[in-house]
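# Just the structure for this:
(2 chains, ligands or ions: 1)
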Amino acid sequence: MTRSFLGWPAFPAAAEREVGNRQLRENVRRATHTIRGKRAVLAAERPDWDALRDSAAAIKDQVLADLETQLLRAEEKVTAAGGTVHWARDAAEANRIVTELVRATGETEIVKVKSMLTEEIGLDAALEAAGINARETDLAATIVQLGDDLPSHVVVPALHRNRSEIRDIFVREMGRHGRPAPDGLTDDPAELAEAARLHLREKFLGAKVAVSGANFLVAETGTLVVVESEGNGRMCLTLADTLISVVGIEKTVPSWQDLEVFLQLLARNATGERMAPYTSTWTGTTDGDGPRTFHLVLVDNGRTRALADPTGRQALRCIRCGACMNTCPVYERTGGHAYGSVYPGPIGAILNPLLKGLDDPQTASLPYASTLCGACNEVCPVRIRFTDVLLDLRAQVADGGQHPVERAALGAVGGVMAHQAAWKAAVKTATTAGPLLPRRIKLPGALGGWTDSRTLPAIPKESFRGWWKRTQGDTK
Amino acid sequence: MTDARTEILRRIRAAAVPPAAAPPRHYLRHAPGLAEDDRPAVLALFAERLAEYGATVLPAEDPATAVAEALGDARTAVVPAGLPAEWTARWDGEARSDRPPLTHARLDATDAVLTTCAAAVADSGTLILDGGPGQGRRAATLLPDLHVCVVRAAQVHSALPGALAGLDPRRPLTFVSGPSATADIEMIRVKGVHGPRRLAVVLLP
Ligand code: SF4
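As a prediction, the model looks like this:
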């Protein structure tokens, strides 16, 4: 069985459940604080940090403004270098393409490099339905897969698990999928990593087909880039005969030179390292070195929908460094699962509604999963203005979709929400001076609703921001 | 029904994204804190960063002695085509040629690999392999547990921009910044997962 986020409850309900889990909160708090500390040191080491961020944001905007040309150029270059390019409008189409490509090889067990996009489209489950066993090879992704769990972070998908939980999963599950965990395995991280090394090595050596994502696709040269730490990426990208890379259309960067910007930002911001241990780049196929067959599957799956949103399209700049979730006070308390998506935290709160639309209560609840404190704005390497996008999406929830009550309420608020200071003032007024807004408006209490039902009877006595300031999210 | 490519490109056009300005590039092109042309400082920084990763750094006038020391107790090593034969003259282990290509199982059962590199970066302690002479194919630098890399001082760039500009993107490239590592368990750094667990760099003048 492969679990999925399908049918996940809206954020307040999911968050309430997660916040009640003390172990999870402790795990998430410790992990996010550790990465935050390391990141801060390495960002401060660069006197030109903001100049790098300016460049990164502008390069991504340049791609988004010229996406058709960039993708066609990438397609031409990949094809010229011996690769085959496929296009997929949505998840089902991408899964079908990959499944058929794997089937054509006759293989029934393949290896995977961690990829958020393949999680997003549910590739493992689609392959499983076709009788193909896709084994994750990143340590955290392996923990998630063996534990029949869901990812909770874009960089460290098993961030919600502590060492003893991981040990138990390894002892219980490894033997069912290959080499069992060593006898007497303790919860020492080095021993756990060694157990994963041994378990996966036989899979790498035998693998004929590998599936990867990519951090970047360089249009000018048709080059794909994977950044990783463990070497599982290198194993998959190098040892398989057939490599299938599933890449979102927004991963494109125009030129080779642009990598000097992103590669200097990514690891510093993601894990607090100057460079991740391994960065692999490849262009099509190379005689006598690595896979003989290379397929690139370019996936839309809602990206063009986000692209059409003038305020929201900046979310497509995201390079998945995870810094916004590491710094987010809401994420720290709820963990990633509450967001009901492989993209949690601030980026999840904006990207999911932009990719999927606001028609369903789950995605429509996400723009409210924020205190609007703006900490994410400060750490994002591509300068996404989360607070602008959150407010714009809230206005869209109010304007349309299936929330007539909120639409009426927000109609009354009008342009006030366009500005954060005005918004704070409005919420404060609403809660202290009584209902300036119609009863049952859910706005100020949307997150306060963690402890309440989705539809609030009245504006809470205390605003969410006020409650947050006072309790720091402690509901117990 | 239109095909996926046509449809995606149509959606992109329909999104009507306005043109964007050319990106500014006001960031440093060399390591922060170092003068651009201070070569001794660049080399010192390179050695320092490698040491921080737990890599062994052996500055050497004579490659043969340093290579023998770096290979240490490895009994077998892959030695790619194009690597100067005299570099392994003082090492008494078994040098394995990768021509014809060794099987993955055979590479996995080899203790070490000895290579040159295409370029290096001081600021991040990075070695860059492009499969050129003396570097071998990617599988050969991945499966053995010890990687010994010989770097000439002139190959060490202060920071990434200088190194990237000289690389050929059509070749498969591997950027190595320290040995394989993970922090996936409680953010505690563990050295050595799937890639080589030990890295040694011989630094020639
Ligand atoms: S939105 Fe920005 S901070 Fe968050 S993961 Fe993406 S790039 Fe990183």
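# make it CA atoms for all contacts and neighbour counts henceforth
Fine.
# mind listing the strands for the chain?
In the absence of a named chain, this looks at chain A. A:84-88, A:109-112, A:133-136, A:209-212, A:216-218, A:223-228, A:242-248, A:252-253, A:278-283, A:293-299 (DSSP state E).
# my bad, the chain I had in mind was chain B
B:56-59, B:76-78, B:94-96, B:112-115, B:119-121, B:126-129, B:146-152, B:156-157, B:173-176, B:181-182, B:190-191, B:198-204.
# Please dump these into CSV; it should also carry distance to the ligand, mean pLDDT and mean neighbour count for every row.
Below are the strands of chain B laid out as CSV (distance: least, C-alpha to the nearest ligand atom, whole Å; pLDDT from 0 to 100; neighbours: other C-alpha atoms under 10 Å in any protein chain shown):
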stretch, distance to the ligand, mean pLDDT, mean neighbour count
strand B:56-59, 33, 96, 19
strand B:76-78, 39, 98, 22
strand B:94-96, 44, 97, 17
strand B:112-115, 35, 98, 28
strand B:119-121, 24, 98, 27
strand B:126-129, 23, 98, 26
strand B:146-152, 32, 97, 23
strand B:156-157, 27, 98, 24
strand B:173-176, 22, 98, 24
strand B:181-182, 19, 86, 26
strand B:190-191, 24, 86, 21
strand B:198-204, 30, 96, 22
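# sorry, back to before: can you tell which of the strands of chain A is closest to chain B?
Taking C-alpha to the nearest C-alpha, strand A:278-283 is the member of the strands of chain A nearest to chain B, at 4.5 Å.
# Residues of chain A that sit close to the ligand?
Residues of chain A lying close to the ligand by C-alpha under 6 Å from any ligand atom are A:318-324, A:347, A:379-382.
# circling back: closest to residue A:69 out of the strands of chain B?
strand B:173-176 (25.6 Å; C-alpha to C-alpha).
# Which neighbouring elements make contact with that closest one?
strand A:278-283, strand B:126-129 (3 or more C-alpha pairs under 8 Å, 6 or more residues apart in numbering or on different chains; DSSP states H and E).
# related to what we said a few turns ago, can you convert the strands of chain A into CSV and add a column each for mean pLDDT and mean neighbour count?
Listed next are these as CSV, based on pLDDT from 0 to 100; neighbours: other C-alpha atoms under 10 Å in any protein chain shown:
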stretch, mean pLDDT, mean neighbour count
strand A:84-88, 98, 20
strand A:109-112, 96, 24
strand A:133-136, 96, 21
strand A:209-212, 98, 26
strand A:216-218, 98, 27
strand A:223-228, 97, 24
strand A:242-248, 98, 26
strand A:252-253, 98, 27
strand A:278-283, 98, 24
strand A:293-299, 98, 23
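# where does chain B have low pLDDT?
B:1 (pLDDT under 70).
# all helices for it, in order.
Along chain B, counting by DSSP state H, helices occupy B:4-15, B:39-52, B:63-71, B:104-108, B:160-165.
# Kindly state which of those helices is positioned closest to residue A:167.
Residue A:167 lies closest to helix B:104-108 among the helices of chain B, at 26.5 Å (C-alpha to C-alpha).
# Report whether the closest one contacts chain A.
Yes. Against chain A, helix B:104-108 shows contacts by C-alpha under 8 Å from any C-alpha of the partner chain at B:104-105.
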